[in-house]
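[1] My questions are about this predicted structure, shown below with the sequence.
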Amino acid sequence: MTKAQGASILVVDDDPEIVAMLTTRLGHRGYKITTASDGHRALELAKREKPDIVLLDVMMPGKSGWEVARALKQDPVTQGIKIVMVTAIGEQVNELTSPLYGADAHIDKPFEFERLEKIISGLITSR
């Protein structure tokens, strides 16, 4: 059994193309994928599904990714979920802001899938 098998990822992005790409690529790697297109749905699914990792866009309708990250880390039920901010807000902003909201890692769009996969693998290994 690989690290990916059995690990679950909640992909949260309002861009259906990004969601489809991540769902397909990560699903082929053996991850169980759940998706949400806004912050409110992301929080609902995270509390219910308790994924290992949330891949979280920042700029979304409803709650922003930062608001979702903060809410997940403040809730005892979800505070152990690893969060990766996946966003196009700019590398410096992402690097400086993501840790303030409790993100465990970040990657900027556009990204190389191999780099994202290394981040995910590292977070799963550290659990």
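    That came in fine, so what should we check first?

[2] Grab the most central residue of this protein for me.
    residue 55 (1.2 Å; CA atoms, centre = their mean).

[3] Phi and psi next, for it.
    Residue 55 has phi and psi values of phi -90, psi 120 when expressed as degrees, to the nearest 10.

[4] Run through the residues that contact it.
    9, 10, 11, 12, 13, 22, 84, 86, 116 (CB atoms under 8 Å, 6 or more residues apart in numbering). No exception for glycine: its C-beta is placed from N, CA and C like everyone else's.

[5] So which of those residues sits lowest on pLDDT?
    By pLDDT, residue 86 ranks lowest within the contacts of residue 55, coming in at 90.

[6] who's that residue bridged to?
    Here residue 86 sits in beta bridges with residue 107, going by DSSP bridges.

[7] so who does it touch?
    Counting by CB under 8 Å, 6+ apart, residue 86 has contacts 13, 18, 55, 56, 57, 106, 107, 109, 111, 116.

[8] Please report phi then psi for the first one.
    What that stands for is residue 13. Dihedral angles of residue 13 (phi, psi; degrees, to the nearest 10) stand at phi -160, psi 140.

[9] hang on, isn't it packed against residue 39?
    No. Using CB atoms under 8 Å, residue 13 is not in contact with residue 39, being 10.8 Å away.

[10] any common contacting residues for those two?
    residue 60.

[11] nearest spatial neighbour of residue 84, skipping sequence neighbours?
    residue 105 (4.6 Å; CB to CB, 6 or more residues apart in numbering).

[12] pretty sure that neighbour is touching residue 123, no?
    Yes. Judged on CB under 8 Å, residue 105 makes contact with residue 123 at a distance of 6.4 Å.
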